[in-house]
Every structure is written in C-alpha cells, then in structure tokens.
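Undergrad: Kindly return the folded structure for what I paste below:
(one chain, ligands or ions: 2)
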Amino acid sequence: MRTGIIGATGWLGSALGAGLLSRGISRPDELVLLNRSGPRPDYHGYENVIWVANAADLVAQSEVVVVSVRPEDWAALKLKADGRLIISFMAGIDARTLSRCRGRIVRAMPNAAAEIGASYSPFWAAEGVSEADRATVRRLLSAIGTTDELETEAQIDLMTALPGSGAAYPAMMAVAMAGFMRAQGVSDVIAWRAAEAAVVGGARLLEGRMAEAPELLAAYRGYRGTTAAGIEAAEAAGFAKAVTVALAAATDKARRMTIDAGDQV
Ligand SMILES: NC(=O)C1=CN([C@@H]2O[C@H](COP(=O)(O)OP(=O)(O)OC[C@H]3O[C@@H](n4cnc5c(N)ncnc54)[C@H](OP(=O)(O)O)[C@@H]3O)[C@@H](O)[C@H]2O)C=CC1
Ligand SMILES: O=C(O)[C@@H]1CCC=N1
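TA: Numbering: from 1, shown residues only. Ligands and ions are numbered 1, 2, ... in the order given. Sure, this is the predicted structure:
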C-alpha cells in the first residue's frame with residue numbers, strides 16, 4: 001500500500017517515515033514524500049523512496065495521505081484527495097475543515113517521542129471511515145509507538161494538550177530543577193544529571209503503571225521526610241493548579257486554531 005506523507009522531512013513526518021521504513025511496515029517504493037524544500041538524496045538511509053513535487057502528484061500516487069504540515073500551512077496546500085484515507089497530525093484543524101479535501105478523515109495526535117518509537121498517538125475517525133481504514137491507521141501509527149481510538153473529536157484537542165506536548169513539561173521541570181541546583185553552587189554538569197535522575201529515571205519507575213502514581217505519592221508522603229516536605233510545599237505553591245491551567249490553555253488554543261490557520265468558512 002502506498003502511503004503519502006505531506007511534511008515528510010518535518011519533526012513528526014520524518015519520524016513516521018523513519019519508523020515505517022525501519023519497522024518494515026512500508027517498503028521504500030511504497031513511500032510517497034512531499035515537503036517544501038525538495039527531495040533529499042538520502043531518506044533515513046534509503047534512496048528509492050518516491051519524491052513528488054506537489055500535493056496533487058502525491059494524492060495520485062497514494063492510497064493513504066498523512067498530512068503533517070503545521071496548521072498554518074494547511075490552507076495553502078489546497079489538498080484535493082477524493083476517496084483517499086486522510087490521516088491528519090495537525091493540531092486544531094477540525095474534521096469539518098479537513099473534509100473539504102473530500103477524503104475519509106482520521107485525526108491522530110502523535111508526539112515528539114515518535115522520534116524514538118515511543119509516541120502515544122490516539123486517533124479519532126470521522127464518518128465514512130471503514131474498519132479496514134481503522135486497521136490501516138493502527139498499522140501506520142504502530143511505526144511510531146502505540147495508539148487508541150477516541151470516542152469524540154473533541155478529545156483530540158485534549159490529547160493535543162497532553163500527550164501531544166511530548167517532552168515540553170518534563171523539560172520545564174528539568175530547567176527549574178537544574179536552575180535550583182545551579183543557584184546553590186552545583187556545577188552545570190551535575191545539575192543537569194541531578195535533574196535527569198528525577199525527571200527521566202524517576203518517570204521510568206512509573207512506566208506501564210502510571211495509574212499507580214497516587215499510591216506512589218502516598219508512599220513518599222508516608223515517610224514524613226524530605227520528599228513529603230517538598231510535595232507539600234509544591235502543592236501549596238500551586239503545582240497541580242499550574243498543570244491544570246497549562247493543559248486548559250493548550251486545549252483552548254487547539255479549539256481556536258482552525259480559525260487562526262486562516263480557514264474561512
Ligand atoms: N512536533 C510535535 O511535537 C507535534 C506536532 N503535531 C502536529 O504535527 C504537524 C507537523 O508538526 P512538525 O512535524 O512539528 O512540523 P515541522 O515544521 O517540523 O514540519 C513541517 C513539514 O511540513 C512541510 N511543509 C510545510 N508546508 C508545506 C507545503 N505547502 N507543502 C509540502 N510540505 C510542506 C515542511 O517542509 P520543509 O521541511 O521542506 O520545510 C516540513 O517537512 C503540525 O500540524 C503539528 O500541529 C502534533 C503533535 C506533536
Ligand atoms: O505545539 C504545537 O502546536 C504542536 C501540536 C501539539 C504539540 N506540538
């Protein structure tokens with residue numbers, strides 16, 4: 001099956017292309033690639049992928065079209081994709097807007113961990129998407145990690161805010177943590193290592209059992225020691241509130257983006 005990727009050299013499009021090739025989900029001659037800056041002589045170590053010059057060529061040669069351009073670049077694409085399965089990675093561009101390309105619409109929300117095959121990429125399928133299409137979506141998304149089907153399109157905006165944010169909030173935590181260490185006179189190298197221990201090493205303990213986070217916190221609190229003192233101070237300073245406000249702002253931005261992207265009804 002030929003899969004077209006519009007935005008094949010971008011952060012997500014490139015990760016998808018790499019995953020499809022390295023996991024053997026697509027052969028190189030089954031990948032039809034489009035970007036703005038033109039063909040690359042080497043695409044993740046493969047030469048015989050198919051580069052096209054415009055969206056019409058890509059649609060003509062693809063059964064499935066993945067749209068992975070930034071939302072503000074969607075309108076200029078003027079995509080026409082009659083009868084094709086369209087998988088949009090774009091934040092904020094809703095199915096009503098996407099459906100003007102006349103394809104069967106799926107919206108998926110991967111994250112930057114696609115780069116290491118660890119994206120959680122939930123998807124939502126609009127009317128007219130068949131069971132066979134859903135199987136195709138699952139197979140393609142398996143190239144970059146795991147997926148679930150969502151019940152409503154509105155949940156895509158929520159997924160944009162949370163898993164879509166990828167490493168953003170861990171990075172914020174790391175910057176604040178390392179900043180504290182440096183302010184106390186710890187060297188840069190050790191400060192970043194200390195932050196990595198907490199953000200990455202600590203998070204690994206929860207991998208695959210995130211629903212146990214409340215119990216883990218209770219265990220730390222139970223010590224009535226240093227971490228409990230830190231947890232209480234963070235809560236008093238509005239830690240949970242800051243996270244909630246951040247996710248609400250990101251969700252709200254996603255809801256407003258179709259208009260921001262210049263889509264005039
Ligand atoms: N990055 C992330 O963590 C996440 C991103 N998303 C969504 O995924 C989409 C892609 O994001 P991301 O990969 O970060 O973006 P990038 O800016 O990294 O990549 C955009 C890609 O689109 C190409 N492009 C832009 N305009 C056109 C055009 N008119 N025709 C053909 N190709 C074009 C660019 O080409 P060129 O390289 O030649 O400039 C580039 O390959 C966005 O809509 C975003 O909302 C969703 C979840 C997470
Ligand atoms: O920040 C953004 O707009 C994109 C979409 C979700 C994650 N990154």
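Undergrad: Compute the number of surrounding residues for the residue of the chain at minimum distance from ligand 1.
TA: Nearest residue of the chain to ligand 1 (C-beta to the nearest ligand atom) works out as residue 10 at 1.9 Å. In this view, the C-beta of every residue, glycine as well, is placed from N, C-alpha and C. Residue neighbour count, defined by other C-beta atoms under 10 Å, stands at 19 for residue 10.
Undergrad: what pLDDT does it get?
TA: Residue-level confidence at residue 10 comes out at 98, pLDDT.
Undergrad: Who are the contact partners of it?
TA: Taking C-beta atoms under 8 Å, 6 or more residues apart in numbering as the criterion, residue 10 is in contact with 35, 68-70.
Undergrad: mind redoing it with 7 Å?
TA: With contacts defined as C-beta atoms under 7 Å, 6 or more residues apart in numbering, residue 10 is in contact with residue 68.
Undergrad: for residue 165, same thing?
TA: Shown here is residue 165, whose contacts under the criterion C-beta under 7 Å, 6+ apart are 111, 250.
Undergrad: Which secondary structure state is assigned to the residue of the stretch 1-150 of the chain found nearest ligand 2?
TA: Closest residue of the stretch 1-150 of the chain to ligand 2, C-beta to the nearest ligand atom: residue 91 (3.7 Å). Secondary structure state of residue 91, per DSSP: H, G, I helix; E, B strand; the rest coil, is coil.
Undergrad: Give me the neighbour count for it.
TA: Using other C-beta under 10 Å: residue 91 sits among 21 other residues.
Undergrad: Residue 128 too?
TA: For residue 128, the neighbour count with other C-beta under 10 Å is 11.
Undergrad: Name the nearest residue to it, ignoring sequence neighbours.
TA: Computed as C-beta to C-beta, 6 or more residues apart in numbering, the closest residue to residue 128 that is not its neighbour in sequence is residue 104, at 5.0 Å.
Undergrad: Can you show me the strands along this structure?
TA: Assigned by DSSP state E, the chain shows strands spanning 3-6, 31-34, 50-51, 64-67, 85-88, 104-108, 119-120, 123-125, 145-146.
Undergrad: Just give me how far the longest one sits from the chain centre.
TA: Here strand 104-108 is found 14 Å from its chain centre; the criterion is C-alpha atoms, centre = their mean, to the nearest Å.
Undergrad: what does the stretch 1-150 of the chain put close to ligand 2?
TA: For the stretch 1-150 of the chain, the residues in contact with ligand 2 (C-beta under 6 Å from any ligand atom) are residue 91.
Undergrad: got TSV for the strands of the chain, with mean neighbour count, mean pLDDT and distance to residue 216 too?
TA: Below are those laid out as TSV (neighbours: other C-beta atoms under 10 Å; pLDDT from 0 to 100; distance: least, C-beta to C-beta, whole Å):
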stretch	mean neighbour count	mean pLDDT	distance to residue 216
strand 3-6	28	98	39
strand 31-34	25	98	42
strand 50-51	17	98	48
strand 64-67	26	98	37
strand 85-88	27	98	36
strand 104-108	25	98	30
strand 119-120	24	98	20
strand 123-125	22	98	30
strand 145-146	16	98	22
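Undergrad: Let's have those strands in TSV, adding distance to residue 252.
TA: As requested, these are exported to TSV (distance: least, C-beta to C-beta, whole Å):
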stretch	distance to residue 252
strand 3-6	27
strand 31-34	31
strand 50-51	38
strand 64-67	23
strand 85-88	20
strand 104-108	18
strand 119-120	22
strand 123-125	19
strand 145-146	26
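Undergrad: Dump those into JSON lines; add distance to ligand 1 as well.
TA: Rendered in JSON lines, the data for those read as follows (distance: least, C-beta to the nearest ligand atom, whole Å):
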{"stretch": "strand 3-6", "distance to ligand 1": "5"}
{"stretch": "strand 31-34", "distance to ligand 1": "5"}
{"stretch": "strand 50-51", "distance to ligand 1": "11"}
{"stretch": "strand 64-67", "distance to ligand 1": "8"}
{"stretch": "strand 85-88", "distance to ligand 1": "8"}
{"stretch": "strand 104-108", "distance to ligand 1": "9"}
{"stretch": "strand 119-120", "distance to ligand 1": "8"}
{"stretch": "strand 123-125", "distance to ligand 1": "12"}
{"stretch": "strand 145-146", "distance to ligand 1": "12"}
